[in-house]
Structures are given as C-alpha cells and as structure tokens.
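> Next one to model:
(one chain, ligands or ions: 2)
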Amino acid sequence: MRTSIATVSVSGTLEQKLTAIAAAGYDAVEIFEPDLLSCAASPREIARQIADLGLTCALYQPFRDFEGMPGDLRQRAFDRIERKFDVMAELGTNRILLCSNCSPHARGERDRIVDDFGALGERAAARGVLIGYEALAWGRHVYDHRQAWDIVKAVDHPAIGILLDSFHSLSRDIPNASLAEIDPAKIVFVQLADAPRLSMDLLFWSRHFRCMPGQGDLPVAGFVAELLKLGYEGPLSLEIFNDRFRAGSTALVAQDGLRSLVAVRDQAERLIGQRPALPAPAAIGGIEFIEFAASDEEAARLEPMLAGMGFAKVGRHRSKQVDRWSQGSINLVVNREQRGFAHSYDIVHGAAICALGLTVPSPDATLRRARALDIQRFDDGARDSAVMPALRGVGGSLVYLMEGAAVDRIWASEFRALSGEGDDAGLGRIDHVAASVDVDEFLSWQLYWTALFDVAKQAELDIPDPAGLVQSRAIESADGAFRVTMNASGGRGTLSSRFIGNVFGAGFQHIAFTTGDIFATARALEEGGVALLPIPANYYDDLVARFGIAEDAVAEMRAHNILFDRDEAGNEYWQIYTRAFEKRFFFEIVERRGAYPGYGAANAPIRLGAQSRFRAEGQ
Ligand SMILES: O=C(O)c1ccc(O)c(O)c1
Ligand SMILES: [Mg+2]
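Residues are numbered from 1 along each chain as shown. Ligands and ions are numbered 1, 2, ... in the order given. Predicted structure coming up:
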C-alpha cells in the first residue's frame, strides 16, 4: 500500500509538516495550496525538500470553481488552471484535485460541464497533467461521487478522472456499493477521512471535525474494501481537516494517521476475505494483572488499603521486591523495586498504576501487529521482557502480553507462594479500568486500542464535572472481558485534568472490581477501614423519585454510599467508590445485575461532584 497525507492534516509550517510526514514513514504528500502560498520557499525548493526527505508529491490541491462557469468567468478559470500547471511542474507532481463548483455563478447543465472538461482534458494532456474531479458534499450542482463519475465517463478523456474522498461520500450516506460502478483506471486519487456522526452543515462538519479512519463513526473500512475489490492500487491519502490536529503535535498526528491507514487497510482486507498482511487484531482474554509502582513508603500506605478491600498477599517475586495480591480472579502486583521500569515510573509519577497484563492468544502475533502499527515495544533487556513482552501504552505505562494458557506457569515460575490470607470482601474480577488522558491525545489513545486489539469503541459521552465537561469513551471487547474508559477534558480543574497535573501525565486513574453482593462488599470495606466516597442525600431523594425504590431500601443504600442505575430493559448497575489513595487513583466496586451494558453515566456527575468536594485537599 502506498500511503500519503495532505499537508492540511497536520500543524506547523510547510517545512515542519513535510519533516514530520517523512519521519512518520509516509510515501507521499498532497500539497494543500494555502500551505504553499504561505511558505517562503519556492515550489522548486519545496520539491527538493520533498525529494530529500524521501517523499514524493502525489497531488496538488485544490482547484476550485472551474466547471460550468458562464462568459468571462469560464475563460478566467482556464487561465487560472494553466498557472497551476506551471506550479505543479515545479513541485514535481502531475496530479491536481479539482473540486466541484460551489460558486453561485456556476451553471449546472451536464452538457456544458462535460464540454468544459473535454476542453480542459486537451490542455491538461498537453502539459502531462491528470485532473481528479472530486464531488464536494456541498457542491452547488455536483455533490455526489455518482454524479462526478457520470461526468467523467461522459467526458471520456485520458487526462480527466475521478477523485474519491470518503468524507464527501459517507457524510451523505452514499452507499459504498456504488463505487463498484467506477472504472479503477479512472480513479486519479483517493482521499480518506472519518468523522464523528454530528448533525450539522456539511461544510462546517468537514472543515472542523474530520478525523483519522477508525476515529469516527463513518464506514471508511467498507469504502476502502470496495476500492480493493475494484483492484484500485493507487495511494490511500489522508485529508483531515480537524481543529485539534491543526493545533496539536505535528509528529503525533502524523504517526496516528499512518497507524490509521495501516489499520483501515487491514480491516478492509478482512471485510472482503482478502488474505490480510497483518496478524489479526488480538482478542483480549482479560486483564490478568494490574501493576502498581510504589516506593517502600508508598507501598506501606497502600497495602492496608488493599487488605481493607479484602485482598490477600499471596506471592512474593523470587528475585524482586514485588508482591502479588489476589482476590477472586483479580491480581494486583505492587512493585517496590529500586531500579527498572516501575521505579522510574514511580519517580516521575509517584505511586501509580504502571502496567496492565493482558492475556492474548499469541503475544508474538500481537507484537508483529504492533510493529506494523508503529506501536513501540518496551524491552529493557530484563527478564520480564523475555517472560512477557511489553508494549508502550497510555501515558508511557506498559501493556504486558501473556498467552492465556501460560499464565499459571508464569505466576508459578516468577512468584513464590505466600500463605497470605485476607478477609475476602467478595470481589470477583476486574470490571474495567479508566484512564485520564490529555484532551489532544483523546482520539490517539482510542486508536491505539482499536487498531491493535479486537475491541470496539462505544458512544462518546459528555460527563459534567463541576469544573467542566469531561469527554468519556469506553472501549470494550465483545464479551466484556476487557473494558477500558478513556477520559479527557479541556477544563483545567476537572478531576481528569487534576489527575494529569498532579501525577505528571496521563495514566490509569481508577480500577473497577466486580462483586456479587454490593451491600456485603460495602460492609466489608467499611469494616476494613477503607474510606468510601460520601454521596449526598439529595441523590438518594432523587432515586426514590426516579426509580420508585422504597424509602427504606434507599436508606440502606444511602448508609453505604451506594450509587444505582437501571436501564430501559431493567438491568441494574450498583456502585461504590473508595476515596482516592493519596489523591492519585481510586477504586470502584460494581455489581451488574442482568446485562447492564454501561458504566453508570447518570451517576458520574454525582461522583465527580463528591470528589470535587475534596479538591481543596488537592485530590
Ligand atoms: O473543504 C474544502 O474546501 C475541501 C477542499 C479540498 C478537498 O479535497 C476537500 O475534500 C474539501
Ligand atoms: Mg477531499
């Protein structure tokens, strides 16, 4: 696959953009005209830079308001495009994007448009140029790739072809199957962009909210699948107009873009049963362990909290200051080593969740997929890296990969059993983990999970925190064995942002465990001396009103600070939260009754409000 990206997709000066695009590993770039016009270097100098960076210039774009112009305006359009052919010769590209006319002067008669393109074809051929006609979704007369294809077919000139852009087609719900009508030899170029489903004006949606394939809601993989079926072999190029990307890290956005291209191509190959080049997205069996980095002092304060929650210290690493705490099928690892990764993590962040251990069918295959997606492997040469390979994950934490079948063997070979006993609090398994990330990296971390693993993103939610809205999205495996929520906020005072500020960076902020009996677990935690998050009385008055729960039942819930939700189908979600450990991370206990699918979003503002009352203490 040849990969390309339009310069408008990333931030920076044109020189910075090209450098980052080359560093990310793309084959080619589309030069977006405003980037060239605002640049001090001549087109020849830009061409030299492109070549020096090992890139090629795949396309110059856009040329506007050409077809169907009356009178003088028609001649002006022809004169204008000749000047662009001159620029293209200097830039070293023979392809130009011509987007459908938006001018109020434009005439829509098909014959007239076909004649204009016939004449343009002669001029373009004389200059060795190929024209790619793109139907802008908001074009005045041509706004659908089926119209553009009808015109290109009628023009029937070797220099006139079609340019497909997934955003324009998918934003108008044009069926992907319609691409099957197009002669692949006539496809001059393909641009890809996704977008979240928003109901707004098409132009505004396109200019501000596009995102990388897989980061939005449009069926971009199906679009690519149709092109592969056709036998299209030209480049796939990203053209992403996005306010955040334009202001964000040039390198990060460029890297994410290439990752999204690799992933969407793989997904498309799988859709049409073509032999995929990459190992399949890994099916996560579960979170086998969660590792905490802590100094001796921090661990001495954390351990009573774990014990109070019913965990027992059941293992000690054979050669390291690392303990294993268990309850139900949950494993928590507390790493107090004075060297190595966890120690570095503790120095930077303080006591923190520094790694997740995931079971996958084949760690080797997952590593190969990660390499293709440019997800970094972590290998410090230590024994851990050989026993369990690790990848860099959210906020520089690690994701260890373990083969499901090898888990017992690994525990037994690495840890000596201790006869630790705990006052079991009824916790069963890890329900989910929640990360707080920088708002500029919100989409990036979603792409990380969805590109590498067999997981799907759920609808994005806006959760009101007293200090601002928090964007939240869950990513889940189909069977619920793996669930992670990503949270980010532009408000500097929200819990999510305070976490990032207080612990010097993104990371996992809370862990939710399951219980089969929320009341018994709440009592066990209280007896264990674990401070629960106090929930206000107003919340419980509302529960009576909303769900018609009896007053005495609600009084019992209130006594234990239990939160409650029930969905339309009658499935229930019962929750309690611990106070945070040293204003860093906290725990949630959940009881799902029936197949409750979410995370108690209705309760999140209550919880955030309760947590914000401890804000003065810096939580
Ligand atoms: O928003 C625009 O004007 C615009 C320009 C060029 C494109 O290729 C496109 O898809 C949109
Ligand atoms: Mg386009």
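> Let me see the ranges of the strands in the stretch 501-619 of the chain.
With DSSP state E, counting those that start in this stretch as the criterion, the stretch 501-619 of the chain has strands at 507-515, 563-566, 572-577, 586-593.
> Compute the inter-axis angle for the last one and strand 507-515.
This means strand 586-593. Interaxial angle of strand 586-593 relative to strand 507-515 (axes from the mean of the first three to the mean of the last three CA atoms, to 10 degrees): 40 degrees.
> Give me the sheet partners of strand 586-593 and which way each runs.
strand 507-515 (parallel), strand 572-577 (antiparallel) (DSSP bridges).
> wait, which of the strands of the stretch 501-619 of the chain is closest to ligand 1?
With respect to ligand 1, and counting by CB to the nearest ligand atom, the nearest of the strands of the stretch 501-619 of the chain is strand 507-515 at 36.9 Å. In this view, the C-beta of every residue, glycine as well, is placed from N, C-alpha and C.
> And the average pLDDT for that closest one is what?
For strand 507-515, mean pLDDT is 97.
> Ok, stretch 575-592 next?
For stretch 575-592, mean pLDDT rounds to 97.
> So what would you say the end-to-end distance of that stretch is?
The straight-line separation of the ends of stretch 575-592 (CA to CA, to the nearest Å) is 9 Å.
> what helix or strand does the nearest residue to L163 once chain neighbours are set aside sit in?
Spatial nearest neighbour of L163, excluding adjacent residues (CB to CB, 6 or more residues apart in numbering): G132 at 3.1 Å. Per DSSP states H and E: G132 is located in strand 130-134.
> doesn't V188 make contact with the residue nearest to L163?
Yes - counting by CB atoms under 8 Å, G132 touches V188, with 3.3 Å between them.
> Give me the common contacts of the two.
Residues within reach of G132 and of V188 at once, by CB atoms under 8 Å, 6 or more residues apart in numbering, are 95, 161-163.
> Including neighbour count, could these go into CSV?
Below are the shared contacts of G132 and V188 laid out as CSV (neighbours: other CB atoms under 10 Å):
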residue, neighbour count
R95, 21
G161, 23
I162, 24
L163, 28
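> now for those residues, which pair is the farthest apart?
Using CB to CB, the two most remote members of the shared contacts of G132 and V188 are R95 and I162, lying 12.1 Å apart.
> Can you pull the residues that touch both of the two?
With CB under 8 Å, 6+ apart, R95 and I162 have common neighbours 132, 188.
> Look at the nearest residue to A555 once chain neighbours are set aside and report its pLDDT.
Leaving aside its chain neighbours, A555 sits nearest to Y540 (7.7 Å; criterion: CB to CB, 6+ apart). Looking at Y540, its pLDDT stands at 97.
> V334 sits in which helix or strand?
V334 belongs to strand 330-335 when assigned by DSSP H and E.
> If we go by neighbour counts, what in the lowest-mean-pLDDT helix or strand in the chain is buried?
Every helix and strand of the chain was ranked by mean pLDDT, DSSP states H and E. The lowest is helix 383-387, at a mean of 76. For helix 383-387, a neighbour-count test (16 or more other CB atoms under 10 Å) marks 384-385 as buried.
> now for it, which elements pack on it?
Here helix 383-387 touches helix 407-414, going by 3 or more CB pairs under 8 Å, 6 or more residues apart in numbering; DSSP states H and E.
> and the helix it packs on, what does it pack onto?
helix 383-387.
> Run the chain-centre distance for the helix it packs on.
In terms of CA atoms, centre = their mean, to the nearest Å, the gap separating the centre of helix 383-387 from the centre of its chain is 29 Å.
> can you check stretch 272-292 too?
Here the centre of stretch 272-292 is set off from its chain's centre by 16 Å, with CA atoms, centre = their mean.
> Give the buried residues for that stretch.
278-279, 281-292.
> Turn these into CSV, including secondary structure.
Shown next, in CSV, are the buried residues of stretch 272-292 (DSSP: H, G, I helix; E, B strand; the rest coil):
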residue, secondary structure
L278, coil
P279, coil
P281, coil
A282, strand
A283, coil
I284, coil
G285, coil
G286, strand
I287, strand
E288, strand
F289, strand
I290, strand
E291, strand
F292, strand
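> Pick out whichever of those sits closest to ligand 2.
Ligand 2 lies nearest to L278 out of the buried residues of stretch 272-292, by CB to the ion, at 26.9 Å.
> if we can go back for a sec, with respect to ligand 2, which of the shared contacts of G132 and V188 is nearest?
Nearest to ligand 2 out of the shared contacts of G132 and V188 is L163 (CB to the ion; 7.1 Å).
> So that closest one: helix, strand or coil?
L163 is classified as strand under three-state DSSP.
> With P62 as the reference, measure out to it.
Distance from L163 to P62, counting by CB to CB, to the nearest Å: 10 Å.
> what sits in contact with each of these two?
97-98, 134.
> chain center to stretch 266-281, what's the gap?
That offset, for stretch 266-281, works out to 20 Å (CA atoms, centre = their mean).
> hang on, I meant stretch 367-377
From the chain centre to the centre of stretch 367-377 is a distance of 16 Å (CA atoms, centre = their mean).
> if we look at it, which residues are touching it?
24-25, 255, 258-259, 262-263, 277-282, 389-392, 401, 448, 451-452.
> hmm, stretch 97-116 touching ligand 2?
No - on the criterion CB under 5 Å from the ion, stretch 97-116 is out of touch with ligand 2, staying 6.7 Å away.
> before we move on, the earlier item: quick one: the residue nearest to A555 and ligand 2, what's the gap?
Separation of Y540 from ligand 2 (CB to the ion, to the nearest Å): 53 Å.
> R558 is in contact with that residue, correct?
Yes - assessed by CB under 8 Å, Y540 is found in contact with R558 at 4.4 Å.
> Of these two, which one has the most company?
Y540 (20 against 17; other CB atoms under 10 Å).
> what about that one, distance to ligand 1?
The gap separating Y540 from ligand 1 is 51 Å, by CB to the nearest ligand atom, to the nearest Å.
> got the residues of the chain near ligand 2?
Near ligand 2, when you scan the chain using CB under 5 Å from the ion, you find 165, 191, 239.
> give the contact list for the last one.
In other words, E239. Residues in contact with E239 (CB under 8 Å, 6+ apart) are 5-6, 8-9, 30, 165, 167, 191-193, 210.
> Make CSV out of the residues you listed and add pLDDT, distance to ligand 1 and secondary structure.
As requested, the contacts of E239 are exported to CSV (pLDDT from 0 to 100; distance: CB to the nearest ligand atom, whole Å; DSSP: H, G, I helix; E, B strand; the rest coil):
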residue, pLDDT, distance to ligand 1, secondary structure
I5, 98, 13, strand
A6, 98, 7, strand
V8, 98, 8, helix
S9, 98, 11, helix
E30, 98, 8, strand
D165, 99, 5, strand
F167, 98, 6, helix
Q191, 99, 6, strand
L192, 99, 11, strand
A193, 98, 8, coil
R210, 98, 9, coil
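> Counting neighbours, which of these comes out on top?
In terms of neighbours by other CB under 10 Å, the contacts of E239 top out with I5 at 32 neighbours.
> What sits closest to it if chain neighbours are left out?
That would be L238: by CB to CB, 6+ apart, it lies 4.4 Å from I5.
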